[in-house]
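# Got a predicted structure here, sequence first:
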Amino acid sequence: MVLEWMVKMPGWEGIVLLGLFLFLLLLSAAPGRRPPNFPPGLPMLPIVGSLFHMQGVSLRTALRNLNKEYGNMASFGIFGTGVVLVSGSSLIKEVFAHKAASNRPQMLFTTTRSYLLSEGKDLHLGIFGGNGKKWQELRRFVLRHLRDVGFGKTSCEPMIVEEVIELMDHIQQQKGQPIVMKRLFNRSVVNVVWRTVMGKRFPYDDADVAKVIETFLQPADTNLLHPLFYIPGMSKAAVYLPIWRNATKSLRDLTAFIKGEVENFICSEDCDVNHSLASLFLKEIQSHAGEKSFFNTYEMKAVIFELFTAGMDTTSSTLTMGVYLVAKHSAVQQKVQQELDEVVGRDRLPSYSDLDRLPYTRATIHEAQRVLDLVAFILRSAAEDCTFAGYDIPKGTVIVANAEDAMTDPKLWKNPQEFDPENFLDTDGRFVNNEGFIPFGTGKRVCVGESLARMQIFVFLASLFQNFTFSLTSDEIIPTSNNTFSAPAIYSAVAHLRPRL
Ligand code: HEM
């Protein structure tokens, strides 16, 4: 896997990395070293770690095998970094709730993005990539003020409904012709986030946002455990390498877009009266003027960048997969529509307040999210030396939550390998939550956008199934789930308008 990647690299950089790789190979002949009382797992050789023991299978398969072979606390090494894979929903929750597991490892895409946003002055910007006191303060500020501007609360539902109506108009205009579903939802989803974060929405034909959406690197294109990212010093060095500059073209376009949006906002006349997170952030920066503070325009750009990226493709992928699974299982589609007709009717759109009276629809939506399993492996790192399940984990160890295992654990789910809304229903048809359902992560760094995402997913999908019957028209492609993220199916569908009752 490593070798293949390097051989594909053109020019001197490929040669240098290949040389480095061969040098490491020679050094790895020395006896192995694993920290004392570290969880069991693959042999960890000096310098290269366990890379040679993971050859020939995809990373995801390697992680699955690790769990099966070594149990709920299993380990391996990537170069000098120890990695612990935590499985079992109760152990994941215990570990991830602990402040010792609350750091995020340095990831190449967060350092590159920080570099670009700060003109090279800071490599550790934002909430997602931030750690320690700065992460705590920024996260607290963003959560509090997102709530103030209505994020995920009933007051933001009308915005979601407006986007749903526009999307349904667009679908209706296709007049029963096949619709390519990939990225169909991105624009509507990003508008909801943008309205709370920046106080504006993008017109449907905005060319800049269309370009960003079109070239956006989807989560499933990102391998957060790529060995090259764990070469010591790489997260800092790579931002200066021409090869990395070329490989990150879409990231560069996106950072330029967000920088432009934020800078225009700061210069705009209504920046301090506009009721948005951006204007509250700006006020916070001004209130700390002259002091040493985490609130500055670089952090503001990074936080806005994160809300845009984390909020767009995650929710859109879930909607794409939701329509796909329901269209593929026509009996489920009929039951959802029957429940919607009985509880909501067809004269008004479903509202989030209907959720409790729509157990089958709710179970279907949860089940689509479980089957997609978007973030199958969630990355944190040890903020300090710590002990979990009797094993010692040194500071800096990467800690990975095996969400895939929790979401398919046969001890927790009736029918873990199938799309089956019954997984979230009791024998009386009532909706029941499941402790293995952790699509938004868990504990100290649980997803900031969970409440908004849940509301958006429900309102969009319930409205679509109330108004249209979907059927698949093409042979769908199920992307081989890669690495740490999963991708939704790629397909086309026909949407038949349902008549009013
Ligand atoms: C279906 C939609 C979504 C899914 C499945 C999802 C999933 C996740 C997961 C698994 C994490 C890591 C949690 C952990 O470490 O325990 C995360 C973090 C995060 N998410 Fe989401 N997310 C979604 C939507 C959103 C939205 C709508 C936003 C904001 C607009 C958002 C913003 C963030 C941020 C800022 C973090 C970093 C939190 C931190 O490190 O403290 N996400 N998300």
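Thanks, I have it.

# Write out the residues of this structure neighbouring the ligand.
By Cβ under 6 Å from any ligand atom, the residues of the chain that approach the ligand are 96, 104, 127-128, 139, 193, 306-307, 310-311, 314-315, 318, 374-375, 378, 380, 439-443, 445-449, 452-453. (Glycine included, C-beta is placed from N, CA and C.)

# What ranges does the stretch 1-150 of the chain have for its strands?
Using DSSP state E, counting those that start in this stretch, the strands found in the stretch 1-150 of the chain span residues 73-78, 81-86.

# Tabulate those strands in JSON lines, adding columns for mean pLDDT and mean neighbour count.
Shown next, in JSON lines, are the strands of the stretch 1-150 of the chain (pLDDT from 0 to 100; neighbours: other Cβ atoms under 10 Å):
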{"stretch": "strand 73-78", "mean pLDDT": "94", "mean neighbour count": "25"}
{"stretch": "strand 81-86", "mean pLDDT": "95", "mean neighbour count": "24"}
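
# Nearest to residue 342 among those would be which one?
strand 81-86 (42.7 Å; Cβ to Cβ).

# Any buried residues in stretch 261-269, and which?
Residues of stretch 261-269 classed as buried: 261, 262, 265 (neighbour count, 16 or more other Cβ atoms under 10 Å).

# mind listing which of those are in strands?
The strands, defined by DSSP state E, take in nothing from these.

# Quick check: the residue of the stretch 201-350 of the chain nearest the ligand.
residue 311 (2.8 Å; Cβ to the nearest ligand atom).

# State the distance from that residue to residue 304.
Distance of residue 311 to residue 304, given as Cβ to Cβ, to the nearest Å: 10 Å.

# Kindly report the same for residue 55.
Taking Cβ to Cβ, one finds residue 55 at 41 Å from residue 304.

# The two: which has the busier surroundings?
Between residue 55 and residue 304, counted using other Cβ atoms under 10 Å, residue 304 has the larger neighbour count: 26 against 10.

# State the three-state secondary structure for the more buried one.
helix (DSSP: H, G, I helix; E, B strand; the rest coil).

# quick one, what contacts it?
Neighbouring residues of residue 304 by Cβ atoms under 8 Å, 6 or more residues apart in numbering: 197, 198, 258, 261, 262, 277, 278, 281.

# how far away is the fourth one from residue 64?
Residue 261 is 40 Å from residue 64, where distance means Cβ to Cβ.

# And for the fifth one?
Separation of residue 262 from residue 64 (Cβ to Cβ) stands at 41 Å.

# Likewise for residue 390?
23 Å.

# which of those two has more neighbours?
A count of neighbours by other Cβ under 10 Å puts residue 64 above the other of residue 390 and residue 64, at 18 against 8.

# Residue 205: neighbour count?
Residue 205 has 8 nearby residues by other Cβ under 10 Å.

# can you give me phi and psi for residue 191?
Dihedral angles of residue 191 (phi, psi; degrees, to the nearest 10) stand at phi -60, psi -40.

# That should have said residue 393, apologies.
Taking degrees, to the nearest 10 as the convention, residue 393 sits at phi -120, psi 110.

# re earlier: so can I have TSV of the buried residues of stretch 261-269 showing pLDDT and distance to residue 384?
Formatted as TSV, these follow (pLDDT from 0 to 100; distance: Cβ to Cβ, whole Å):
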residue	pLDDT	distance to residue 384
261	93	38
262	94	34
265	91	38
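
# if we can go back for a sec, what is the burial count for the residue of the stretch 201-350 of the chain closest to the ligand?
24.

# Find the nearest non-adjacent residue to it, please.
residue 193 (4.0 Å; Cβ to Cβ, 6 or more residues apart in numbering).

# quick one, what contacts the one you found?
307, 308, 311, 312, 449, 452.

# Just the ones of those in helices?
307, 308, 311, 312, 452 (DSSP state H).

# Okay, helices next: where are they in the stretch 351-500 of the chain?
Assigned by DSSP state H, counting those that start in this stretch, the helices in the stretch 351-500 of the chain fall at 359-372, 403-407, 450-467.

# which one of those lies closest to residue 427?
Across those, residue 427 has its closest neighbour in helix 359-372 (12.4 Å, Cβ to Cβ).

# how far off helix 450-467 does the closest one point, in degrees?
120 degrees (axes from the mean of the first three to the mean of the last three Cα atoms, to 10 degrees).

# Return the list of helices and strands in contact with helix 359-372.
If you count contacts as 3 or more Cβ pairs under 8 Å, 6 or more residues apart in numbering; DSSP states H and E, helix 359-372 packs onto helix 297-328, helix 330-343, helix 450-467.

# and the residue in the stretch 151-300 of the chain positioned nearest to the ligand, what element?
The minimum distance from the stretch 151-300 of the chain to the ligand, using Cβ to the nearest ligand atom, falls at residue 193 (4.7 Å). Following DSSP states H and E, one finds residue 193 within helix 186-198.

# Could you report the neighbour count for the nearest residue to residue 401 once chain neighbours are set aside?
Among residues not flanking residue 401 along the chain, residue 378 sits closest, at 4.2 Å (Cβ to Cβ, 6+ apart). A total of 25 residues lie near residue 378 under the criterion other Cβ under 10 Å.

# now swap in the one 4 residues further on and tell me
Neighbourhood size, residue 382 [other Cβ under 10 Å]: 23.

# I'd like the numbering to begin with 39 instead of 1 from here.
Fine by me, first position is 39 from now on; the one you just mentioned is residue 420.

# Find the nearest non-adjacent residue to it, please.
Nearest non-adjacent residue to residue 420, counting by Cβ to Cβ, 6+ apart: residue 435, 4.6 Å away.

# which ones are touching the closest residue to the ligand within the stretch 39-188 of the chain?
Residue nearest to the ligand within the stretch 39-188 of the chain (Cβ to the nearest ligand atom): residue 166, separated by 4.3 Å. For residue 166, the contact set (Cβ under 8 Å, 6+ apart) comprises 142, 148, 344, 348.

# before we move on, the earlier item: what sits against the residue nearest to residue 420?
119, 120, 121, 122, 419, 420.

# on that earlier part again, relative to residue 375, how far out is the residue of the stretch 189-338 of the chain closest to the ligand?
29 Å.

# now do residue 95
Distance from residue 95 to residue 375, by Cβ to Cβ: 42 Å.

# Which one's more surrounded, the two?
residue 375 (19 against 12).

# For that one, which non-adjacent residue is closest in space?
Per Cβ to Cβ, 6+ apart, closest to residue 375 is residue 503, 5.7 Å.

# Correct me if wrong: the one you found contacts residue 371.
Yes: applying Cβ atoms under 8 Å as the test, residue 503 and residue 371 come out as touching, 6.7 Å apart.

# Of these two, give the one with the bigger neighbour count.
Using other Cβ under 10 Å as the criterion, residue 503 and residue 371 rank with residue 503 on top: 26 against 20.

# Output stretch 234-249 as CSV, restricted to C-alpha atoms.
What follows is stretch 234-249, C-alpha atoms only, in CSV (Å, rounded to 0.1, in the frame of the first residue of the first chain):
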residue,chain,number,x,y,z
THR,A,234,-27.0,30.5,10.8
VAL,A,235,-23.3,31.0,10.5
MET,A,236,-23.1,33.9,8.0
GLY,A,237,-26.6,35.2,8.0
LYS,A,238,-27.1,34.6,4.3
ARG,A,239,-27.9,31.9,1.7
PHE,A,240,-26.5,31.2,-1.7
PRO,A,241,-28.8,31.8,-4.7
TYR,A,242,-29.5,28.5,-6.5
ASP,A,243,-27.3,29.5,-9.5
ASP,A,244,-24.3,30.9,-7.5
ALA,A,245,-21.4,29.8,-9.7
ASP,A,246,-18.7,30.0,-6.9
VAL,A,247,-20.6,27.8,-4.5
ALA,A,248,-21.5,25.4,-7.4
LYS,A,249,-17.7,25.0,-8.2
